[in-house]
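>>> Quick one: sequence plus predicted model below, questions after.
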Amino acid sequence: MNELFHEIHTSERKAWRGCRRRASWRYRDWYQPKKPIKPLEFGIAYHAGMEVLYNPDTWGWARDIVRELAVQRFLDVCEEQRATYELESPQGYLDDESAKDYAERVELGKGMIRYYASLIPEMDRGLTPVKVEISFTVPVTDPVTNVQLRCKCDVCWKRWRTSEEGILHHDGLQVQFDDRLDDYKEVFWQGLPVAYKGRIDCLMRDEYGDYWVYDWKTCARFMQDDSWLYLDDQIASYCWALIQVLGLPIRGFIYHEQYKGYPMAPNENKTTRKGCKFSVSKAQPTDYPTYYKHVEQHDANALASGCYDDFLEWLQSDEGAVFHKRHKIGKTLEELNNVHENIYLEALDLTDPNLKIYPNPSMFGCNWCAYKQPCMGKQRGEDYVYTLDTLFTREPPYYLKPSTDSRGNL
């Protein structure tokens, strides 16, 4: 579709559902919390490595070669981020503490990618990657009439007026409406088409010719209950969008949680304990294959005599250490039709200039909110605008900037 449109993103949808005041400040007034630059955006670097692991062009290569290519890509992105940080930061270098943290997280990422790569032959059996990092843009239409939704907000008007099409209309508009261009905007101008836009991590095809959307998440703690994924509208909306764009039979999505850690060889005891040379502490980051292989090589007699049996049994149980979880969620056509309707109804609100703005206070929402201070000021009748102007930068979302290649998470 035409590149000139009003974009709706998942981040904006979630923001408006969470708190209208916060979302209005961010997405209408463009106040963004000042964020210090970081020497390492771990998630971005890790995803870069994952893209290499699932590159369709190298899917048939020897997996150990692809694994090391993925690790190298991760390292390259890390170094690029560090170089940018050192160039933009006041001191121009990493202090000792930051350098140590950077090095530790680089090692963490290398271990995580290598561990993940070892899972692929079994975990993705029968699946083939089609493409990684797929961007999509889908027109938002009325689910009943299929009429394109359009936006006539001031930002869309300004973008259209300064576009090639708007400039071509300029002379005629000036002659016909003189200084009353707002009359043209309100009466004759249709507005910019509204579109839902996003990016998915990976699209896979199974052995039956059906397709699955992949979403990779790193986490410090696994979700306890995955039932919310059946109602989650972010990845479900990606399934709907890809059907609209590609016309493929999308069956659902695979949500992969990767723990920020990886199995390591067991710690060696200072002295042999209960016949064991190596620790049987349940707190150490290891799994059955890693632990068994190491003990078999370095304490074979104790292994054969059963000294490690209880701990190995625990590692194989449901209570043992877990480093990844996968959730495969199928989606019916009815569910995806409902996703379409929900996006349309939300877009109606998000493009409504007369939408009522009010806060949505909650214990957890407010405690972690970056806009808490100006919000409290507004509630007290203080000069909250001064707070916003002082503590925040004012810039449009990344997709309204000249380049839309940014991976920023707003």
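Okay, I see it.
>>> could you point out the longest helix in this structure?
Ordering each helix of the chain by length in residues (DSSP state H) puts helix 96-123 first.
>>> Now do whatever helix or strand comes next after that helix: which elements does it pack against?
Sequence-wise, the next helix or strand beyond helix 96-123 is strand 127-139, with elements assigned using DSSP states H and E. Contact here means 3 or more Cβ pairs under 8 Å, 6 or more residues apart in numbering; DSSP states H and E; on that basis strand 127-139 packs against helix 42-53, strand 192-206, helix 233-246. Where you see a C-beta, it was placed from the backbone N, CA and C, and this is true even at glycine.
>>> Columns mean pLDDT on top of those, output as a markdown table?
Listed next are these as a markdown table, based on pLDDT from 0 to 100:
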| stretch | mean pLDDT |
| --- | --- |
| helix 42-53 | 96 |
| strand 192-206 | 95 |
| helix 233-246 | 91 |
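>>> Show me the one of those that comes nearest Thr390.
Taking Cβ to Cβ, helix 42-53 is the member of those nearest to Thr390, at 29.2 Å.
>>> Show me how far that closest one is from its chain's centre.
With Cα atoms, centre = their mean, to the nearest Å as the basis, helix 42-53 stands 12 Å off its chain's centre.
>>> And stretch 92-107, by the same measure?
The chain centre lies 24 Å from the centre of stretch 92-107; the measure is Cα atoms, centre = their mean.
>>> Ok, stretch 162-170 next?
So, by Cα atoms, centre = their mean, the centroid of stretch 162-170 is 36 Å from its chain's centroid.
>>> and if you look at stretch 112-122?
21 Å.
>>> Which of the three states applies to Gln81?
For Gln81, the assignment made with DSSP: H, G, I helix; E, B strand; the rest coil gives helix.
>>> Specify the local secondary structure of the residue nearest to it when sequence neighbours are not counted.
Ranked by Cβ to Cβ, 6 or more residues apart in numbering and with sequence neighbours excluded, the top spatial neighbour of Gln81 is Leu40, at 5.4 Å. At Leu40 the chain is in coil, as set by three-state DSSP.
>>> Would you check that Leu40 makes contact with Ala103?
No. Assessed by Cβ atoms under 8 Å, Leu40 is found out of contact with Ala103, at 9.8 Å.
>>> Pick out whichever of these two has more residues nearby.
Shown here are Leu40 and Ala103; by other Cβ atoms under 10 Å, Leu40 has more neighbours (21 against 13).
>>> For the more buried one, give me its contacts.
Shown in contact with Leu40 (Cβ atoms under 8 Å, 6 or more residues apart in numbering): 78, 81-82, 102, 105-106.
>>> For it, give its distance to Leu75.
When distance is defined by Cβ to Cβ, to the nearest Å, Leu40 is 11 Å away from Leu75.
>>> same question, Tyr291
Counting by Cβ to Cβ - Tyr291 and Leu75 are separated by 28 Å.
>>> between these two, who's got more neighbours?
More crowded of Tyr291 and Leu75, by other Cβ under 10 Å: Tyr291, with 24 against 17.
>>> How about the contacts made by that one?
Counting by Cβ under 8 Å, 6+ apart, the residues that Tyr291 touches are 263, 265-266, 278, 308, 311-312, 315.
>>> pretty sure Pro263 contacts Ala321?
Yes. Counting by Cβ under 8 Å, Ala321 is a contact partner of Pro263 at 7.4 Å.
>>> Now do the shared contacts for those two.
With Cβ under 8 Å, 6+ apart, Pro263 and Ala321 have common neighbours 285-287.
>>> just the angle between the longest helix of the chain and strand 127-139, please?
110 degrees (axes from the mean of the first three to the mean of the last three Cα atoms, to 10 degrees).
>>> Show me what counts as buried in helix 96-123.
Residues of helix 96-123 classed as buried: 98, 102, 105-106, 108-118, 120 (neighbour count, 16 or more other Cβ atoms under 10 Å).
>>> what angle separates that helix from helix 42-53?
Using the same axes, to 10 degrees: helix 96-123 against helix 42-53 is 30 degrees.
>>> other SSEs contacting helix 96-123?
Taking 3+ Cβ pairs under 8 Å, 6+ apart as the contact cut, helix 96-123 packs with helix 42-53, helix 63-88, strand 324-330.
>>> tell me the SS of His256?
strand.
>>> Isn't it up against Thr218?
No. Assessed by Cβ under 8 Å, His256 is found out of contact with Thr218, at 9.7 Å.
>>> Mind checking which of the two has more residues around it?
For the pair His256 and Thr218, the greater number of neighbours falls to His256 (21 against 18), based on other Cβ under 10 Å.
>>> which residues sit in contact with the more buried one?
Here His256 is in contact with 214-217, 324-327 (Cβ under 8 Å, 6+ apart).
>>> re the thing from before, from the helices and strands packed on helix 96-123, pick the one with the highest average neighbour count.
helix 42-53 (a mean of 21; mean count of other Cβ atoms under 10 Å).
>>> which other helices and strands contact it?
Judged by 3+ Cβ pairs under 8 Å, 6+ apart, helix 42-53 is in contact with helix 63-88, helix 96-123, strand 127-139, strand 192-206, strand 211-219.
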